[in-house]
Structures are given as C-alpha cells and as structure tokens.
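K.L.:
Attaching a predicted model along with its sequence, questions to come.
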Amino acid sequence: MLTDAQLQAALTQPLDTVDLSAFGVTARGKVRDMALSPGRRVLVTTDRLSAFDRVIGLIPYKGQLLNQLAAFWFERTEDILPNHVLALPDPNVTVAREAQPLPVEVVVRRHITGVTSTSLWTLYKAGVPRPYGLTLPSGLRKNERLDEPVITPTTKAEAGGHDAPLSEAELLQQGLVPPALWAEARDAALRLFARGEALAAQAGLVLVDTKYELGLLDGRLSVIDEIHTPDSSRYWLAEGWERAVAEGREPEGLDKEYVRRWLASVGYTGDGPPPPLPDAVRLELSRRYLQAFEGLTGRTFEPAALPAAPRILHNLAAWSAKGAS
C-alpha cells in the first residue's frame with residue numbers, strides 16, 4: 001500500500017489529459033476512446049472520477065489502478081466471454097479491437113442498495129411498483145442481500161443525461177436486443193458475476209453489484225469495457241457488512257459509492273456543477289481503490305513513472321508502429 005505521503009504528493013500531479021499527437025491522433029484533452037487505426041481503438045484511463053454522470057474530481061492513481069485491475073479480470077473471465085483487449089502498452093492505456101456495442105448495459109445486483117435516482121434501493125424506497133420489472137418482497141432494508149442476483153438493464157447515458165431504468169420485458173418489446181442475443185448476454189453476465197463473487201470472497205470482499213458493457217466482435221458476444229473495478233462495481237469488506245445492515249449503517253465499501261454518499265451528504269443529487277471534492281475525500285477514495293486492487297490481485301500496487309507534461313505515451317506509439325494484430 002502506498003504511504004499517505006506518496007498519495008498526498010500525487011494530489012498535485014494527477015493524469016487528467018494526454019497528448020496523442022505522437023500516435024497520429026490529433027485530439028487533446030480527456031481522451032478516453034479514440035480511433036487508432038481501422039479496427040482498433042486506444043482507451044486511455046485517466047484519474048478523472050465520474051459520478052451522477054458528471055466528472056466529479058481527480059483521484060490519485062485511479063487511471064492506473066482501473067486499467068491494470070480490468071486486465072486482471074479479463075484474464076480470469078475470458079473462458080466465460082472473450083474481451084476486446086489487444087495489448088496494454090502503458091499503465092494507463094489499453095489498445096482494443098473495435099466492437100459493435102449493445103445499446104444497453106447489463107447490471108447485475110446481489111444487494112438492494114445505491115443512492116442515485118435510478119438505483120434499485122431508491123426506486124424501491126419510493127414505492128415504484130416492480131422497479132426494473134422485478135417483483136421484490138416487502139420489508140427489505142437498504143443494502144440487504146437478495147436471495148439471487150437480479151438483472152437490471154439500463155440504456156446508455158447520453159451526454160449530460162442519466163441511465164434510464166429498463167425492464168427486460170421493455171428491452172425486448174422495444175427491439176433493442178434480439179431475444180436470443182439477450183438470453184446469451186443475460187446468461188453470460190450472471191456467470192461473470194458468479195466468478196466475480198467467488199474471487200472477491202477469497203479476497204475478503206463482497207461483490208455487491210456490477211455493470212457490464214457487452215458488444216459483438218466478429219458476431220460473437222464479448223466484453224468491451226472494464227469489469228469488476230471499483231468504478232464499475234461495488235465492493236464491501238466481507239467482515240462486518242451484515243452487522244452494519246442490521247444496525248442501519250452503510251457497510252464499509254471500497255468503491256466510488258464512497259464519493260456518491262459524500263456528495264449526497266452535502267445535498268448534491270446530480271443537478272448542476274458538483275461541489276469540489278475535499279483533498280481528504282480524494283485521498284480516502286484512493287486508499288480504498290488501492291485496498292481493493294491489492295486484495296483482489298494479491299499484488300502490491302507500484303505506480304509507474306510517467307513523463308512530465310505533456311504526458312505522451314511513447315510506448316503506445318512504438319507498439320502501434322509495429323502493426324500488432
């Protein structure tokens with residue numbers, strides 16, 4: 001685990017923008033998904049944190065942690081579904097094959113929780129009948145574990161918008177995904193989640209819920225975004241979560257829900273510019289991401305030295321010049 005001094009120093013030098021001119025890409029800024037060559041894309045994971053569908057702040061080493069943790073999970077789930085990764089030429093970069101994304105994201109939930117307007121708990125507490133088309137028992141408490149994981153698909157959020165709740169029946173009625181493909185996606189998501197639960201349990205964690213972005217590569221269903229990272233999934237410490245739920249407290253989490261809860265505590269619900277994150281909140285979230293990374297991978301996180309601004313990722317330029325396949 002990095003020391004507090006190392007994390008404090010990183011507050012002043014987060015990876016926010018990249019210059020991709022060395023790779024034949026002219027865009028500059030918060031570059032996350034840019035064409036590299038026909039059939040390939042470069043995915044740059046920066047230290048920016050999004051919540052409530054807005055960029056909330058910069059978290060030390062977030063980009064490296066998520067990029068490398070996603071790679072860890074890709075290796076451990078490729079027997080369930082293939083993924084789009086071609087190479088990881090840099091700690092913050094994944095080179096991926098272009099895919100045809102499904103128009104919905106597949107969310108698997110084991111617990112009834114969340115603080116956003118579309119979370120299962122928010123809708124349930126508000127008395128929405130059959131949220132996401134689910135029949136849930138009465139009397140559930142926030143964060144309670146469900147007997148079986150449930151699927152709650154959502155549409156993809158547009159710029160400045162929010163993911164829209166969607167039942168599986170509505171998804172099929174609207175023709176968003178063919179029935180046979182949705183059945184395959186649903187089965188694969190549940191198998192991915194079961195694998196995630198098992199590996200998380202070995203690390204002393206609970207995989208609460210997660211979001212999968214799936215698509216087609218050469219007509220075959222594939223994973224086309226990070227999976228089981230603290231940005232795409234919720235994790236709790238296994239020790240003490242049941243007691244916390246019984247006492248009406250939030251279980252100790254190692255994911256960005258920590259920031260969502262802080263924002264909710266100061267009255268922010270996603271409308272308008274978010275309040276700035278205090279350094280203490282940014283540092284604490286970085287510590288939690290580090291704890292999740294090291295617990296899941298069994299490795300001590302060591303940040304790679306990045307060049308001074310402009311942060312040009314030369315490794316990717318060299319890799320691209322080789323014409324990897």
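P.N.:
Happy to help now that I have it.
K.L.:
So which residues of the stretch 101-250 of the chain form helices?
P.N.:
Along the stretch 101-250 of the chain, counting by DSSP state H, counting those that start in this stretch, helices occupy 120-125, 168-173, 179-202, 241-246.
K.L.:
Buried deepest among those, which one?
P.N.:
Most buried of those, by mean neighbour count (mean count of other Cβ atoms under 10 Å): helix 120-125, with a mean of 19. Bear in mind the C-beta positions are built from the backbone N, C-alpha and C, glycine included.
K.L.:
what is the rounded mean pLDDT of that one?
P.N.:
Mean per-residue pLDDT for helix 120-125: 95.
K.L.:
From what I see, residue 264 and residue 119 are in contact.
P.N.:
No - applying Cβ atoms under 8 Å, one finds residue 264 not in contact with residue 119, separated by 10.9 Å.
K.L.:
Neighbour count for those two, which is higher?
P.N.:
With other Cβ atoms under 10 Å as the criterion, residue 264 and residue 119 differ in neighbour count, and residue 119 comes out ahead with 22 against 15.
K.L.:
Look up phi and psi at the more buried one.
P.N.:
phi -70, psi 150 (degrees, to the nearest 10).
K.L.:
Which residue comes closest to it once chain neighbours are left out?
P.N.:
Nearest residue to residue 119, sequence neighbours excluded (Cβ to Cβ, 6 or more residues apart in numbering): residue 113, at 6.8 Å.
K.L.:
now do residue 123
P.N.:
Distances taken as Cβ to Cβ, 6+ apart put residue 131 closest to residue 123, at 3.7 Å, once the chain neighbours are dropped.
K.L.:
Based on its surroundings, how many neighbours for that neighbour?
P.N.:
Using other Cβ under 10 Å, residue 131 has 23 neighbouring residues.
K.L.:
now residue 225
P.N.:
By other Cβ under 10 Å, 21 other residues sit near residue 225.
K.L.:
quick one, phi/psi of it?
P.N.:
Torsion angles, degrees, to the nearest 10, at residue 225: phi -160, psi 170.
K.L.:
Wait, the residue nearest to residue 119 touches residue 235, no?
P.N.:
No - here residue 113 does not reach residue 235: they are 11.9 Å apart, not a contact under Cβ under 8 Å.
K.L.:
list residues touching both of the two?
P.N.:
In terms of Cβ atoms under 8 Å, 6 or more residues apart in numbering, residue 113 and residue 235 are both contacted by the residues residue 208.
K.L.:
Which one's more surrounded, these two?
P.N.:
residue 235 (29 against 24).
K.L.:
and the residue nearest to the spatial centre of the chain, what does it touch?
P.N.:
Of all residues in the chain, the one closest to the mean position by Cα atoms, centre = their mean is residue 232, 1.9 Å from it. Listed by Cβ under 8 Å, 6+ apart, the contact partners of residue 232 are 210-212, 225-226.
K.L.:
that older thread, of the helices of the stretch 101-250 of the chain, which approaches residue 101 most closely?
P.N.:
Closest of the helices of the stretch 101-250 of the chain to residue 101 is helix 179-202, at 11.5 Å (criterion: Cβ to Cβ).
K.L.:
How much space separates the residue nearest to residue 191 when sequence neighbours are not counted from residue 219?
P.N.:
Distances taken as Cβ to Cβ, 6+ apart place residue 80 nearest to residue 191, at 5.0 Å, with adjacent residues excluded. For residue 80, the distance to residue 219 (Cβ to Cβ, to the nearest Å) stands at 18 Å.
K.L.:
which of those two has more neighbours?
P.N.:
In this view residue 80 and residue 219 are compared by other Cβ under 10 Å, and residue 80 has more residues nearby, 16 against 7.
K.L.:
Check the gap between that one and residue 193 for me.
P.N.:
10 Å.
K.L.:
what does residue 9 give?
P.N.:
Noted for residue 9: a distance of 37 Å to residue 193, by Cβ to Cβ.
K.L.:
And for residue 256?
P.N.:
Residue 256 is 19 Å from residue 193, by Cβ to Cβ.
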